[in-house]
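Peer 1: Give me the fold of what follows.
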Amino acid sequence: MTVQPGLFPLEGMIDIHSEAAQTEFLDKARSAGLRAVVLKWPGAQDSAPAAMFANHFGAQSSPHAIRFFGGVVLDRAVGGLNAAAVEACASAGGIFVWLPVKDALTHRLRNDISTDGAVHVVDADGQLLPEMLAVLESVARHNLILGTGHLGPTEVAAVVPAALRHGIRRVLLNHPLLLGFSMDDLPRLASPGVFFEHCYTPDHPKPFDVGLIAEAVRAIGPDQSLIGDFGLYGVQPNIADALIAWGMPPATVRLLASDTPAKLLEL
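Peer 2: Residues are numbered from 1 along each chain as shown. Model prediction:
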């Protein structure tokens, strides 16, 4: 399917999943009129301080400036399942804690990367590790959003119920269809406070059927489904453009790209 950029206007949209770290990217987000952007930096440092600075300088230039949000990815760069990294993120104004991405076992297996040093969240019996429980306690205490990162179906099936039991109010399953989840897995994980993120880059070297995203949205509902990773704003085709090209009604795309992310962020 050929997707042209600009089929869906980004003004007022929320990009819940941006891995860009360049200042020119932030400028493009402002120029495109986005309402908010979540900075997610796998394998790197906490993005909360960068979001804080971006908001400060943006507020000086415009009374209706875009809002940037940050958080920490619990990859090896920050010590893996490190509750102290969660505490530092919260103190810097971060609102997201993502479980391992580049160092997740599932990520490494699916990308033919050595599993030596992978960050595990469960033991050999499938029970959550003590350090994983400590992370959940910290996330709950600060009312942060827990992202499942690149964990696989078995790990997520253990993490999500435990997160809810710990009092975590907002859990985001990060692009499960790209991580080996079946369509049957998704409804079993659907609970109040659990959201399902879908990412798709039309020109990504790994092809993916955007129709599966539409099917997943139908299965869960747009009130708990959202889309992210809009690429280079206004230049590259993005997931919203792809869903419009596929035939999804613009009103539904707007729910996925604006209303539901706003609910997750409590805007």
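
Peer 1: Any stretches of the chain with poor pLDDT?
Peer 2: 58-64, 205, 207 (pLDDT under 70).

Peer 1: make it 90
Peer 2: 1-7, 9-10, 17-33, 41-66, 110-112, 115, 178-180, 200-209, 229-238 (pLDDT under 90).

Peer 1: Now do the helices in it.
Peer 2: 23-32, 48-61, 83-91, 105-110, 130-141, 153-165, 185-189, 210-220, 239-246, 250-254, 260-265 (DSSP state H).

Peer 1: how far away is the residue nearest to Gln236 when sequence neighbours are not counted from Phe25?
Peer 2: Leaving out its chain neighbours, the residue that sits closest to Gln236 by Cβ to Cβ, 6 or more residues apart in numbering is Pro5, at 5.9 Å. Any C-beta I mention is one placed from the backbone N, CA and C, and that applies to glycine too. Distance check for Pro5 against Phe25: by Cβ to Cβ, to the nearest Å, it reads 15 Å.

Peer 1: Could you do Leu133 as well?
Peer 2: Leu133 is 36 Å from Phe25, where distance means Cβ to Cβ.

Peer 1: re earlier: from the helices of the chain, which stretch is densest packed?
Peer 2: Between the helices of the chain, helix 239-246 has the highest mean count of neighbours, a mean of 22, where neighbours are mean count of other Cβ atoms under 10 Å.

Peer 1: I'd like the helices of the chain laid out as TSV, including distance to Leu232.
Peer 2: Conversion of the helices of the chain to TSV gives the following (distance: least, Cβ to Cβ, whole Å):
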stretch	distance to Leu232
helix 23-32	7
helix 48-61	17
helix 83-91	27
helix 105-110	23
helix 130-141	31
helix 153-165	30
helix 185-189	29
helix 210-220	19
helix 239-246	12
helix 250-254	19
helix 260-265	19
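
Peer 1: right, and those helices - which one's nearest Ala118?
Peer 2: Ala118 sits nearest to helix 105-110 of all the helices of the chain, at 4.6 Å, using Cβ to Cβ.

Peer 1: Relative to the whole chain's centre, how far out is stretch 27-41?
Peer 2: The chain centroid and the centroid of stretch 27-41 are separated by 14 Å, computed with Cα atoms, centre = their mean, to the nearest Å.

Peer 1: what's around the closest residue in space to Phe96 that isn't next to it in sequence, how many residues?
Peer 2: In this structure, Phe96 finds its nearest non-sequential neighbour in Gly71, 2.7 Å apart by Cβ to Cβ, 6+ apart. As a burial measure, Gly71 scores 27 neighbours (other Cβ atoms under 10 Å).

Peer 1: same thing with Gln236?
Peer 2: Every residue meeting other Cβ under 10 Å relative to Gln236 is counted, giving 14.

Peer 1: so what's it up against?
Peer 2: Contacts were defined as Cβ atoms under 8 Å, 6 or more residues apart in numbering; by that measure Gln236 touches 5, 201-203.

Peer 1: now swap in Ser138 and tell me
Peer 2: The neighbourhood of Ser138, defined by Cβ under 8 Å, 6+ apart, consists of 83, 86-87, 90, 97, 144.

Peer 1: What is the nearest of the residues you listed to His17?
Peer 2: Out of the contacts of Ser138, the one with the shortest distance to His17 is Val97. That distance is 14.4 Å, counting by Cβ to Cβ.

Peer 1: Closest one of the contacts of Ser138 to Met52?
Peer 2: Minimum separation from Met52 among these (Cβ to Cβ) is found for Ala90, which lies at 12.3 Å.

Peer 1: Who's the closest spatial neighbour of that closest one, skipping the chain neighbours?
Peer 2: His142 (4.0 Å).

Peer 1: shouldn't that neighbour be in contact with Ala88?
Peer 2: No: because the distance of 10.9 Å does not satisfy Cβ atoms under 8 Å, His142 is recorded as not touching Ala88.

Peer 1: my guess is Ser258 contacts Glu11, does it?
Peer 2: No: with contact defined as Cβ under 8 Å, Ser258 and Glu11 do not form a contacting pair (9.8 Å).
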